[in-house]
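Colleague: coords please:
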Amino acid sequence: MASRTRRHGPAPRARDGSPRRRVPMRLLLPSLVLVALMAMLMLRGYVHSEILADHRVRPEAATDKVPEKILDGGPVIDTRSGRTTSISVPDHRLVLTFDDGPDPTWTPKVLDVLKKHHAHAVFFVTGTMTSRYPELVRRMVAEGHEVGLHTFNHPDLSYQSKKRIDWELSQNQLALAGAAGIRSSIFRPPYSSFADAMDDKSWPVTQYIGTKGYLTVVNNTDSEDWRKPGVDEIIRRATPHGGKGAIVLMHDSGGDRHQTVQALDEFLPTLQKQGYEFDNLTEALDAPSALTKVSGIDLWKGKAWIFLVGASDGITSVMVVCLSVVGALVIARFVLMLLLSGGHARRVRRRGFRWGPPVTEPVSVLVPAYNEAKCIENTVRSLMASEHPVEVIVVDDGSSDGTARIVEAMGLPNVRVVRQLNAGKPAALNRGLANARHDIIVMMDGDTVFEPATVRELVQPFGDPRVGAVAGNAKVGNRDSLIGAWQHIEYVMGFNLDRRMYDILRCMPTIPGAVGAFRRSALERVGGMSDDTLAEDTDITMAMHRDGWRVVYAEKARAWTEAPESVQQLWSQRYRWSYGTMQAIWKHRRALVDRGPSGRFGRVGLPLVSLFMVVAPLLAPLIDVFLLYGVVFGPTQKTIVAWLGVLAIQATCAAYAFRLDRERMTHLISLPLQQILYRQLMYVVLLQSWITALTGGRLRWQKLRRTGVVEAPGADGVPRQRTRNSSSDRRPVA
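Modeller: Coordinates of the predicted model:
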């Protein structure tokens, strides 16, 4: 195991000699991941018209500024190069036009019918749909159809600025270039109708579109298929009178188009028998094709756009699946915790409940200590107040702050100090075990205080000869700060409620280092404490399960520990816990295929620990990512209601946990803020642990700074918090 001290190399410096500031990788990489996920989500929202979409439709306006020849003219309007002309389709020629696609369901069916009857058409596609279904646009072009622009997001352009119009056209062209390597010169405005419907608001847009080199194409025969009036009615409305030519409006997207497909299959052969030809627009007008090939940088920009849109859809789909998994896991965990923890509480609180014969023999309490000068006196004095006979062995692991001298100067009976060179916590515990006189071993941290009844309650489960280890009830003693209150909620709700559940399932993953007890013979059978991982408490607990011992939870064995009081200290602690847990899971992975008790733990305990402690927390921030997206881009109300629902479930579970532990509910006031901020910190810590594990890195043990603020319990058994007089309370003794 790595030493508890850590050396730092010289800080990199800038050219002027000042220290160069670098963003830590633990912050940079998770931040980049979150930014990338948000970017993909926003791109997906943009392409699905959830972002920057404008659904306003302008009512009819006056027509006095529109030239009469346009109002009375044909459906093709040419305002290029200052012209103001209109063009009609020759007799016995029909140009079928389909708006709003391509649609993955209905466009292929329309194309199949057109191919069946050897007919060509024009598809006015939106950039959003083209970006999502590029293969359909490629098929349109390959089968001889023309493709026209219908804007990117389908807004009413009479409401838009010239800059927005340019954007809609360029994005639409970008999507066409990426989908089929083409550019189109024909355009149909959204919400357009006949030429005589042109008004003073839409006409300036048409003029501006012409300056950009586009022909504007409206229609003069509307099938009104979007109303779904029936197949016969669609055919009647789409049929021109007296053999005249026409541009027919239909839709291949925007809803159920089965009537359109059926009508088309009857309409085409019927009118072909009447001598009509079904051409695309330029074929009908005997003009050059409206499509030109794109090459060079424009082509690659288009391909990159299509790739990014596909990636955003794929990543978002995966995120949605992951969110569903997280939701299922969270709900399953809450249900399990509520049911099983309640069962555990009823069982151990039942009148007359006993683990077995009362355990009254003395026990050995091991206190590994490294630079615990500020805490060790409180720790030892709390043990001296124990209602159960104890011997206390303080193992000084190479402290440089006089920890051992403080204990020796106290001159207390049954308290011994064992000194060793700095070798790490597992080595200190094994050294203490070698010097212990009794068969039951209690282990605690040097920054923890026990209540008078803690040891007695902790060792009673050993009345059952099947019990090899007991987990106590670790509590946060310094909960006066916001970060302390958050950890208090986590300890009561996340740790102790979990332990009740795992006790019932007989797969408790961790005996907390702050308060745990072991049968000496069980420890010796599994080889004592191991330094293979950074979570020696999780490692030894899993080893106990695999050796066939029961590991149980003693709710009344309360210990008060000093939790980290800064983000940096909390980060260091949780990073070590997360990475150590991953190491322990990997070390004991063979339990999955073992038989007997080891196999039972491997097939029940390891999956639960992996899901609830490694996988689910890593995916949990997706809830906040979708929350942020939904609040900003909608649907805002539904998003907030959904998030409040999740919070209500968590609050219910937390309140139940506080009730079981007889804690005051006032601390739950900070629960919403904890869910927003604290979870993100834990996510980044877990992500960093994953990165360390996957890259084969090795994490060093880091000593947390203690203040000694948690003092020995008073007469009521509850520890007092010493008031800090200065900032030096937060620094280790020199």
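Colleague: In contact with Gly342, which residues?
Modeller: Tyr656, Leu660 (C-beta atoms under 8 Å, 6 or more residues apart in numbering). The way it works is simple: take the backbone N, C-alpha and C, and place the C-beta from them, glycine included.
Colleague: what's the spacing between it and Ile504?
Modeller: Distance of Gly342 to Ile504, computed by C-beta to C-beta, to the nearest Å: 10 Å.
Colleague: what does Arg659 give?
Modeller: 18 Å.
Colleague: So the two - more neighbours on which side?
Modeller: Counting neighbours by other C-beta atoms under 10 Å for Arg659 and for Ile504 shows that Ile504 has the greater number, 19 against 12.
Colleague: Phi first, then psi, for that one.
Modeller: Backbone torsions of Ile504, given as degrees, to the nearest 10, read phi -60, psi -40.
Colleague: Make 49 the starting number, not 1.
Modeller: OK, 49 is where the count begins now, so the last one is Ile552.
Colleague: Go ahead and confirm it touches Gly391.
Modeller: Yes - using C-beta atoms under 8 Å, Ile552 is in contact with Gly391, at 5.9 Å.
Colleague: what about the strands in the stretch 349-498 of the chain?
Modeller: With DSSP state E, counting those that start in this stretch as the criterion, the stretch 349-498 of the chain has strands at 411-417, 438-445, 463-468, 488-491, 496-498.
Colleague: do the stretch 649-782 of the chain as well
Modeller: Using DSSP E, counting those that start in this stretch, strands in the stretch 649-782 of the chain cover 758-761, 767-769.
Colleague: any idea how far Gln322 is from the residue lying farthest from the centre of the chain?
Modeller: Distance from the C-alpha centroid of the chain, by C-alpha atoms, centre = their mean, peaks at Gly290 (62.7 Å). Gly290 sits 11 Å away from Gln322, going by C-beta to C-beta.
Colleague: Check Cys370 too.
Modeller: Look at Cys370 and Gln322: by C-beta to C-beta, they are 57 Å apart.
Colleague: per-residue confidence for Arg753?
Modeller: With respect to pLDDT, Arg753 scores 56.
Colleague: Report all helices and strands that the host helix or strand of Val296 contacts.
Modeller: Using DSSP states H and E, Val296 falls within strand 294-299. Counting contacts by 3 or more C-beta pairs under 8 Å, 6 or more residues apart in numbering; DSSP states H and E, strand 294-299 is packed against strand 141-147, strand 269-270, helix 306-321.
Colleague: average model confidence for the second one?
Modeller: Spelled out, that is strand 269-270. 96.
Colleague: contacting residues for Pro406?
Modeller: Residues counted as contacts of Pro406 (C-beta under 8 Å, 6+ apart) are Gln508, Gly511.
Colleague: Quick check on it: phi, psi?
Modeller: When quoted as degrees, to the nearest 10, the phi and psi of Pro406 stand at phi -60, psi 140.
Colleague: can you tell me the distance between the two ends of stretch 543-562?
Modeller: Criterion C-alpha to C-alpha, to the nearest Å; first-to-last residue distance in stretch 543-562 is 13 Å.
Colleague: list the buried ones in it?
Modeller: Within stretch 543-562, the residues scored as buried using 16 or more other C-beta atoms under 10 Å are 543-552, 555-562.
Colleague: How many residues are close by Arg131?
Modeller: Counted with other C-beta under 10 Å, the neighbours of Arg131 add up to 10.
Colleague: Can you tell me the number of residues neighbouring the closest residue to Met458 other than its chain neighbours?
Modeller: Excluding the flanking residues, the one nearest Met458 by C-beta to C-beta, 6 or more residues apart in numbering is Val428, at 6.4 Å. If you count neighbours by other C-beta under 10 Å, Val428 ends up with 23.
Colleague: what's the answer for Ala705, then?
Modeller: Other residues lying near Ala705 total 24 when counted by other C-beta under 10 Å.
Colleague: if I pick it, what's in contact with it?
Modeller: Neighbours of Ala705 in contact, by C-beta under 8 Å, 6+ apart: Met385, Ser389, Val540, Met541, Asn544, Leu545.
Colleague: just those residues now: which is nearest Arg212?
Modeller: The nearest member of the contacts of Ala705 to Arg212, counting by C-beta to C-beta, is Met541 at 49.7 Å.
Colleague: Distance of that closest one relative to Ser614?
Modeller: With C-beta to C-beta as the criterion, Met541 and Ser614 are 22 Å apart.
Colleague: With neighbour numbers in mind, choose between these two.
Modeller: Applying other C-beta under 10 Å to Met541 and Ser614 shows that Met541 carries more neighbours, namely 25 against 13.
Colleague: Run through the helices of the stretch 49-198 of the chain in chain order.
Modeller: 73-95, 116-119, 154-164, 175-180, 182-190 (DSSP state H, counting those that start in this stretch).
Colleague: For the second one, the averaged confidence score.
Modeller: In this model, helix 116-119 has an average pLDDT of 94.
Colleague: who does it touch, helix- and strand-wise?
Modeller: strand 133-135.
Colleague: Which of the residues in the strand it packs on are classified as buried?
Modeller: So for strand 133-135, counting by 16+ other C-beta under 10 Å, buried means Ser134, Ile135.
Colleague: Which other helices and strands does it contact?
Modeller: helix 116-119, strand 124-126.
Colleague: Partner strands of it, with direction?
Modeller: strand 124-126 (antiparallel) (DSSP bridges).
Colleague: contacting residues around the strand it pairs with?
Modeller: 118, 132-137, 243, 246, 254, 258, 263-266, 295, 329, 333.
Colleague: Of those residues, just the buried ones, ChimeraX syntax please.
Modeller: A single ChimeraX command selects the buried members of the contacts of strand 124-126 (16+ other C-beta under 10 Å):
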select :118,132,134,135,136,137,243,246,254,258,263,264,265,266,295,329,333
